[in-house]
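*Asks:* no sequence for this one, just the structure:
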Ligand code: SF4
């Protein structure tokens, strides 16, 4: 088990390799379909994302007297951001992406070029992951896109994931997909 | 048959009783009066009124039907239905059904210790426990809300929908459901989970008197990896037979990889038109995981698909591993001579479906899973 602690930077993430089980502590910014499209369209980010991690997640957040409370916060399918993710790496300097299902060649190339890692969280494990969220520090673009699509600024403690795409051109998804396709040929 | 007779007899006596009361109140008398002048006189005498009632049983039936049509669900029944549906939503969103829990634990056992596959299954197991204990959604994508309702004849679907919609809004406010419904064209979220097609209702009339309400919360990630094939499918050399069906199902599993939060369960329908095939493939997911198709060939195929899929090495979350599929349910519909569809719905490990049998006061009489 490896650790990745805040503040994050390119050097730290370059050390990580495919297959590493990593525990992340520090800040995460949620961002999914609407935000990626919004940034892709050339709109400025409402918050500085340099050296930050983007989490593909549409959390269930309750608004209570003393602030927001995240009641469920698992990852959403990342591949939908495939057209945009490399651009966000290039233009906004993110060093990590957390999601599920893996991403494609554009993102893998972006990880290599700009120094970024793709972390796979456990899809659907909303409660375990919500427990790791220690505070909701801010929210951006909630009025515009609604709660699940907003950027939520979260502080997490020991958030569990697996590196499935590293900054050296390796992708576990590519590997498993290639191998399983070969096996399929022998089974049909 | 004997039972039926008894029931009708009872009905008649009931009606007699009501008629009596009504007669006392001198309300329906007027109607009868219009039709038979002599009866008017007789009606004044309670004793003879009874006789008339007997003879005019059919008329009364019609009258009663008319009056019941006008009656909406009484307030207290509505309230109880609302509460029962709210509880159904809470349990569906937060507690994994027993049959699903069983296969997940088996999968955890199967994975090699210290692998990322085992790590994933452990977190899934911990998540199931935590969701139940905290009474919070096990996955943040609380999915498309699909109601499957089996009801007797004369059931008021629109009244039912209104009450259910209110329960959905309440469940959303309580956080059992995420604000999960957006306008397709504008992307705007109405925050209540209501809108065209949301929630989704499927009504079936059945011969029983009671009402069964089943609920499935089907997430977007796994819905997106569903697939529909039209056979023959040339790239796989898949023809219009069960071998062809098998080929396309296995390809769909490889294409889905870990994207639908595997290990998952497949609901499959062979035949039908495109629409009916997909709807029925979801209904296959209402079957319990330990049952098998009554059609031998399909039961064999269900078993074969699970075994073969688990040889593909895709594993939990697509990390690689031994468990790719937890179950497979296959149904069949008639088709046109020109068509041969295979419709595949993929359900993630967070397999949220529950059902309730409603009692006479709309209380939850029995849980169905
Ligand atoms: S596929 Fe299922 S478990 Fe995964 S995020 Fe969607 S609803 Fe949750």
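*Replies:* Cool, got the structure. What you see is a predicted model, and the numbers here were worked out from it, not measured in a lab. Numbers count the residues shown, from 1 in each chain, chains lettered A, B, ... in the order given.
*Asks:* so for chain A, the centremost residue is which one?
*Replies:* Compute the mean C-alpha point of chain A, and by CA atoms, centre = their mean the closest residue is residue A:98, 2.1 Å away.
*Asks:* quick one: contacts for it?
*Replies:* A:24, A:28, A:53-57, A:75, A:118-121, A:159, A:161 (CB atoms under 8 Å, 6 or more residues apart in numbering or on different chains). All C-beta spots, glycine's among them, are computed from the backbone N, C-alpha and C.
*Asks:* looks to me like it is in a strand.
*Replies:* Yes. Judged by DSSP: H, G, I helix; E, B strand; the rest coil, residue A:98 forms part of a strand.
*Asks:* now do it against the ligand, distance only.
*Replies:* Residue A:98 sits 13 Å away from the ligand, taking CB to the nearest ligand atom, to the nearest Å as the criterion.
*Asks:* strands along chain A, start to end?
*Replies:* A:2-5, A:21-30, A:53-55, A:60-64, A:67-72, A:96-99, A:117-120, A:133-140, A:151-165 (DSSP state E).
*Asks:* quick one on the thing from earlier: among the contacts of residue A:98, which ones are buried?
*Replies:* A:24, A:28, A:53-57, A:75, A:118-121, A:159, A:161 (16 or more other CB atoms under 10 Å in any protein chain shown).
*Asks:* looking at the residues you listed, which is nearest residue B:137?
*Replies:* Using CB to CB, residue A:57 comes nearest to residue B:137 of the buried ones among the contacts of residue A:98, at 13.4 Å.
*Asks:* report the contact partners of the nearest residue to the closest one once chain neighbours are set aside.
*Replies:* Nearest non-adjacent residue to residue A:57, counting by CB to CB, 6 or more residues apart in numbering or on different chains: residue A:30, 4.6 Å away. Going by CB under 8 Å, 6+ apart, residue A:30 touches A:54-59, A:73, A:150-152, A:154.
*Asks:* do residue A:74 as well
*Replies:* Taking CB under 8 Å, 6+ apart, we find residue A:74 in contact with A:57, A:100, A:121-126, A:129, B:139-141.
*Asks:* flag every residue of the stretch 101-250 of chain B that's near the ligand.
*Replies:* Contacts of the stretch 101-250 of chain B with the ligand, taken as CB under 6 Å from any ligand atom, map to B:139, B:141, B:143, B:219-222.
*Asks:* just give me the closest of those residues to residue B:85.
*Replies:* residue B:143 (16.2 Å).
*Asks:* any idea how far residue B:119 is from that closest one?
*Replies:* The spacing between residue B:143 and residue B:119, counted by CB to CB, to the nearest Å, is 25 Å.
*Asks:* what's the burial count for the closest residue to the ligand within chain A?
*Replies:* Closest to the ligand within chain A is residue A:124: 2.5 Å, counting by CB to the nearest ligand atom. Counted with other CB atoms under 10 Å in any protein chain shown, residues neighbouring residue A:124 total 33.
*Asks:* that one is in contact with residue B:347, isn't it?
*Replies:* No. Contact criterion CB atoms under 8 Å: residue A:124 and residue B:347 do not qualify, at 11.2 Å.
*Asks:* the strands in chain B, which residues?
*Replies:* Shown for chain B, the strands assigned by DSSP E span residues B:144-151, B:200-205, B:211-218, B:227-230, B:264-270, B:325-332, B:341-347, B:352-358, B:364-367.
*Asks:* mean neighbour count and mean pLDDT added to the ones you listed, as TSV?
*Replies:* Below are these laid out as TSV (neighbours: other CB atoms under 10 Å in any protein chain shown; pLDDT from 0 to 100):
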stretch	mean neighbour count	mean pLDDT
strand B:144-151	21	98
strand B:200-205	13	98
strand B:211-218	23	98
strand B:227-230	17	98
strand B:264-270	26	98
strand B:325-332	24	98
strand B:341-347	26	98
strand B:352-358	22	98
strand B:364-367	14	98
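*Asks:* using CSV, please lay out these together with distance to chain A.
*Replies:* Converted to CSV, those look like this (distance: least, CB to the nearest CB, whole Å):
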stretch, distance to chain A
strand B:144-151, 14
strand B:200-205, 19
strand B:211-218, 12
strand B:227-230, 13
strand B:264-270, 10
strand B:325-332, 12
strand B:341-347, 11
strand B:352-358, 10
strand B:364-367, 22
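*Asks:* nothing else from me, thank you.
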